[in-house]
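# Give me a model of this one.
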Amino acid sequence: MAYNFLGLVNDVCGRLNETPLTSSTFPTSKNFYTTVKDSVNAALRDINHQQYDYPFNHNAIEVYLEAGIARYPLPSNAKKIDFDTVRILRDDTLNVQTTILKQIQYNEYIRKFLDDELNTAVTGEVPRYIAKSQSNEFVIAPKPDQDYVLELEYFMHPADLVLYDDVPTVPEAFKHVIIDGAMYHAYMFRDNAQSAAMAEAKFKEGIKALRSLLVNEYISVVDTRVHHARSSSVVPRIN
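Residues are numbered from 1 along each chain as shown. Okay, the predicted model is just below:
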């Protein structure tokens, strides 16, 4: 069975002994099938809400900077921006090398760079800093003096599945986790608390395994213990 919205819905229908859908009947299906569709999407939302940085939700875009403009919108579907990797891309024509921008706090930007942003007499230079504003945008400083290209990596909020051939971002290897989550929600719709509890337990174990395999990777471990220097002074003995 194909790994898409239709296939996931039919997997749930099969477990519930219901007639499967086809690509032609899928768009107009109602009642019970609407519940199953909602259950699949609810399971996917549960999975994606458990972790901000699943690798299968990673995305990258190029933002075309304009000379003199410091503020730009963040992607509307961005869940988490990787501000440690934002960079100006190399451009030999503009005589600029790849430059990693350093993230600063927005209030620091306001103190140090806001006047330059507003001052049209300031021509700008190659940006070195980036800050997330209090709205859904980012600001760079100094403001660009040329039309550079900035690359931004982020982890996105996946859209709900709608069409029968929509494919989830979750890899097919974890299809069983989606099905277990959908079964939990379907049983809840049917007021079958016992079966829902069993499906929920399997679902949670599946999410735990998914996160362990795809996310919990530690390149190095930092010792955060606080070491206190011993005093070299000699305390006199009192008899």
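# Grab the most central residue of the chain for me.
With distances taken as Cα atoms, centre = their mean, F155 lies nearest the centre of the chain, 2.8 Å away.
# buried ones in the host helix or strand of it?
Per DSSP states H and E, F155 falls inside strand 149-156. Neighbour counts over strand 149-156 (16 or more other Cβ atoms under 10 Å) mark 150, 152-156 as buried. Bear in mind the C-beta positions are built from the backbone N, C-alpha and C, glycine included.
# Quick one: the residues you listed as a markdown table, columns for distance to T120 too.
A markdown table is the format used below for the buried residues of strand 149-156 (distance: Cβ to Cβ, whole Å):
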| residue | distance to T120 |
| --- | --- |
| L150 | 22 |
| L152 | 26 |
| E153 | 32 |
| Y154 | 31 |
| F155 | 36 |
| M156 | 35 |
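# Turn the residues you listed into a markdown table, columns for pLDDT.
Converted to a markdown table, those look like this (pLDDT from 0 to 100):
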| residue | pLDDT |
| --- | --- |
| L150 | 97 |
| L152 | 96 |
| E153 | 97 |
| Y154 | 96 |
| F155 | 96 |
| M156 | 94 |
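# show me the contacts for P144.
Neighbour list for P144: 65-70, 124-127 [criterion: Cβ atoms under 8 Å, 6 or more residues apart in numbering].
# let me redo that: H58
H58 sits next to 153-156 when contact means Cβ under 8 Å, 6+ apart.
# Just give me the closest of the residues you listed to L16.
Closest approach between the contacts of H58 and L16, by Cβ to Cβ: M156, at 31.5 Å.
# from the contacts of P144, which is closest to G14?
Using Cβ to Cβ, L65 comes nearest to G14 of these, at 51.7 Å.
# what's near enough to touch the closest residue to K102 other than its chain neighbours?
In space, and not counting its chain neighbours, K102 is closest to Y129: 5.4 Å by Cβ to Cβ, 6 or more residues apart in numbering. Shown in contact with Y129 (Cβ under 8 Å, 6+ apart): 101-104, 109, 113, 140-142.
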